[in-house]
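Chemist: here is a sequence with its predicted model. Questions after.
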Amino acid sequence: MNKNDIIRLEIVDMTADGSGVGKAEGTVVFVPDTAVGDVCDVKILKVKKNLCYGKIESIVNPSGERVDPVCEVSSRCGGCVYRHISYEAELSVKRKKVFDAVTRIGKVDPQKVKDIIGAYESHIDRYRNKAQIPVGVNKNGEVEMGFYSRHSHRIAGCDDCLLSPKIFTQISDTFKEFVTKHPYLIYDEEKHSGKIRHLYLRYGEKTGEVMVCVVVNGRKFDHQDELFNSIIEKYPQVESIVINVNKDKTNVILGYENIVVYGKESIKDVLCDLEFELSPLAFYQVNRTQAERLYEKAREYASLSGDEVLLDLYCGTGTIGLSMAKDCKSLIGVEIIDKAIENAKKNAENNGIKNARFICGDATKAAFELKKEGITPDVIVVDPPRKGLTPELINTIVEMAPKRVVYVSCDPATLGRDLKQFEESEYSVKEITPVDLFPRTAHVESVCWLRRRENR
Ligand code: SAH
């Protein structure tokens with residue numbers, strides 16, 4: 001097979017990142033935006049030793065899983081990868097991704113993998129409570145707002161992202177009108193000139209409060225009152241308007257300094273019956289409703305009776321541990337980002353939680369120190385970033401000998417790897433539940449319940 005060949009291909013499988021897979025002349029061909037069962041003509045773009053990459057030229061016979069993607073930019077934008085298949089089909093791809101990783105890499109008994117918790121119908125779209133929308137000017141001189149294209153820093157213009165609530169679309173329209181009137185204000189990445197870099201929006205789904213944050217190369221911009229007054233007038237839900245100062249020549253979206261120009265310095269939301277403050281820099285799960293269901297599953301697996309010492313590693317702003325604090329004797333949270341620890345302490349205080357303490361530090365080191373201090377948690381929750389746990393941390397956890405470990409994971413492959421080490425050490429996987437926190441995108445979370453074998 002050669003570059004630019006056009007071949008007819010049946011799609012038989014789906015990769016973990018949402019690309020269709022077919023086989024031709026003994027070679028595996030990856031084709032994005034296809035569905036299992038599609039027969040299509042595919043143009044070969046890249047040939048490697050045992051595999052090729054292609055793109056759809058035409059669909060000869062569409063798969064029954066196909067649906068209208070609705071969104072016009074979904075095939076260019078880097079956000080969604082499953083808009084062209086039904087949500088049921090997406091859920092089964094995601095469950096399979098978790099299933100394959102934990103059974104193949106982790107050697108977990110297939111029976112332990114439960115059904116995926118999919119989003120409620122009302123939350124398959126428009127579930128995100130946060131959007132960071134880049135602003136730029138395209139080669140025709142038109143203002144573009146939207147999302148970065150797949151694998152690039154070009155803006156794919158999108159005026160109504162289906163993952164964001166309607167209020168974001170409305171505010172973004174008002175904002176676009178303003179920058180279109182004053183295009184010289186738009187920041188130019190290459191020249192590091194201009195002022196306005198991103199529009200950043202946050203939304204408290206339960207409280208209805210909205211924060212508008214404009215990321216600025218500077219501390220203010222011309223005509224800002226014109227923009228802010230029209231936002232305040234049109235959208236009473238906006239409780240806070242902030243300028244985030246980012247003068248650096250960088251891809252990092254947010255700077256450290258925030259200037260409140262209207263209303264409160266943060267908005268509130270409610271998660272698992274607790275109140276959380278969302279300041280511009282505070283981490284918060286982007287899909288509140290599904291996060292709550294994930295935490296409920298984690299709480300079920302932790303099965304606390306009120307007497308336990310609970311250790312929450314990689315705790316972020318404390319949400320998981322705090323949602324269980326009333327069910328245990330004491331809670332210790334560990335997190336590497338000091339600002340997140342500050343937020344976690346404040347969140348505990350605001351919710352009247354007195355049995356929690358938070359430590360800022362690396363999870364592996366902090367757990368080792370806690371063990372040296374003689375702390376023996378009854379239950380440990382871990383929620384690491386994609387790279388998973390370190391082997392040393394797993395050793396420390398095993399030595400601390402908690403009755404149960406609840407492992408929340410955003411990467412099935414590293415979860416599989418870590419479960420193997422646990423299984424080889426004195427812990428057995430009791431159950432794994434995949435949870436879809438990010439419908440339409442390639443990501444899937446899972447929560448796993450591990451039990452110490454001696455108390456079986
Ligand atoms: N449990 C939280 C956050 C999970 S995200 C929630 O559900 O909201 C993973 C967290 O791990 C992030 O907050 C990140 O800052 C933190 N983290 C990353 N590396 C770490 C490390 N080596 N030690 C401790 N925390 C770390």
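Modeler: Perfect, thanks for sending it.
Chemist: got a pLDDT number for whichever residue of the chain sits closest to the ligand?
Modeler: When you check the chain against the ligand by CB to the nearest ligand atom, the closest residue turns out to be G316, at 2.7 Å. (Each C-beta comes from the backbone N, C-alpha and C, glycine too.) As summarised for this prediction, G316 has a pLDDT of 94.
Chemist: likewise for D17?
Modeler: Reported pLDDT for D17: 81.
Chemist: that one: what's it in contact with?
Modeler: 81, 442 (CB atoms under 8 Å, 6 or more residues apart in numbering).
Chemist: L91 too?
Modeler: Residues counted as contacts of L91 (CB under 8 Å, 6+ apart) are 116, 118, 436.
Chemist: next, the contact list for the last one, please.
Modeler: Residues in contact with D436 (CB under 8 Å, 6+ apart) are 90-91, 94, 116-119, 290, 444-445.
Chemist: give me the phi and psi for it.
Modeler: phi -90, psi 100 (degrees, to the nearest 10).
Chemist: local confidence estimate at the nearest residue in space to it that is not next to it in sequence?
Modeler: If the residues on either side of it in the chain are set aside, D436 comes closest to G118, at 5.1 Å by CB to CB, 6 or more residues apart in numbering. G118 carries a pLDDT score of 98 in this model.
Chemist: buried ones in the strand or helix carrying A291?
Modeler: Taking DSSP states H and E as the definition, one finds A291 inside helix 288-302. For helix 288-302, a neighbour-count test (16 or more other CB atoms under 10 Å) marks 288-295, 297-299, 301-302 as buried.
Chemist: now the chain, which segments are flagged as low pLDDT?
Modeler: 455-456 (pLDDT under 70).
Chemist: list the contacts for the residue nearest to E10 when sequence neighbours are not counted?
Modeler: Using CB to CB, 6+ apart and skipping the chain neighbours, the partner closest in space to E10 is V39 (5.0 Å). If you count contacts by CB under 8 Å, 6+ apart, V39 has them with 8-11, 59-61.
Chemist: among those, name the ones in strands.
Modeler: Cross-referencing the contacts of V39 with the strands (criterion: DSSP state E) gives 8-11, 59-61 as the overlap.
Chemist: about what we covered before: also near the ligand: which of the contacts of L91, exactly?
Modeler: When contact is defined as CB under 6 Å from any ligand atom, the contacts of L91 do not meet the ligand at all.
Chemist: and the residues you listed as a markdown table, adding distance to D383?
Modeler: Compiled in a markdown table, the contacts of L91 are given as follows (distance: CB to CB, whole Å):
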| residue | distance to D383 |
| --- | --- |
| I116 | 18 |
| G118 | 21 |
| D436 | 17 |
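Chemist: what parts of the stretch 351-456 of the chain come near the ligand?
Modeler: By the rule CB under 6 Å from any ligand atom, the part of the stretch 351-456 of the chain lying against the ligand is 362-363, 383, 385.
Chemist: any idea how far F99 is from A16?
Modeler: The gap separating F99 from A16 is 11 Å, by CB to CB, to the nearest Å.
Chemist: wait, F358
Modeler: Using CB to CB, F358 is found at 34 Å from A16.
Chemist: which one's more surrounded, those two?
Modeler: The neighbour count for F358 versus A16, taken as other CB atoms under 10 Å, is higher for F358 (23 against 18).
Chemist: confirm that that one sits in a helix.
Modeler: No: per DSSP: H, G, I helix; E, B strand; the rest coil, F358 lies outside any helix segment and is strand.
Chemist: so E277 sits against K264, correct?
Modeler: No: under the criterion of CB atoms under 8 Å, E277 makes no contact with K264, lying 9.3 Å away.
Chemist: same drill for those two, tell me which one is more crowded.
Modeler: Between E277 and K264, counted using other CB under 10 Å, the more crowded position is E277 (18 against 15).
Chemist: who does that one form a beta bridge with?
Modeler: Each beta-bridge partner of E277 is listed here: K268, as defined by DSSP bridges.
Chemist: again, but for K55
Modeler: The bridge-partner assignment for K55, based on DSSP bridges, gives K43.
Chemist: give me the domain ranges for the protein.
Modeler: Each structural domain of the chain that the record assigns through automatic domain parsing is listed here as a residue range: 6-66, 90-121+287-455, 128-273.
Chemist: interface residues of this structure facing the ligand?
Modeler: Counting by CB under 6 Å from any ligand atom, the chain comes close to the ligand at 283, 285, 314-316, 319-320, 334-337, 340, 362-363, 383, 385.
Chemist: between these, which is closest to Y53?
Modeler: Closest approach to Y53 among those (CB to CB): P385, at 27.9 Å.
Chemist: show me where this structure has helices.
Modeler: Shown for the chain, the helices assigned by DSSP state H span residues 87-100, 166-181, 224-234, 288-302, 319-324, 338-350, 363-372, 391-400, 412-425.
Chemist: need the residues that contact the third one.
Modeler: Contacts of helix 224-234 with the rest of the structure, by CB under 8 Å, 6+ apart, involve 170-171, 174-175, 178, 212, 214, 238, 241, 243, 261-262.
Chemist: at 7 Å what do you get?
Modeler: The set of residues that contact helix 224-234 without belonging to it, under CB atoms under 7 Å, 6 or more residues apart in numbering, is 171, 174-175, 178, 212, 238, 241, 261-262.
Chemist: output that helix as CSV, nothing but the C-alphas.
Modeler: The C-alpha atoms that make up helix 224-234 are tabulated as CSV, following Å, rounded to 0.1, in the frame of the first residue of the first chain:
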residue,chain,number,x,y,z
GLN,A,224,-13.5,47.3,28.7
ASP,A,225,-16.5,49.0,30.4
GLU,A,226,-18.5,48.8,27.1
LEU,A,227,-18.0,45.0,27.1
PHE,A,228,-18.6,44.4,30.8
ASN,A,229,-21.6,46.7,31.0
SER,A,230,-23.3,44.9,28.2
ILE,A,231,-22.6,41.5,29.8
ILE,A,232,-24.0,42.7,33.1
GLU,A,233,-27.1,44.1,31.5
LYS,A,234,-27.8,41.1,29.3
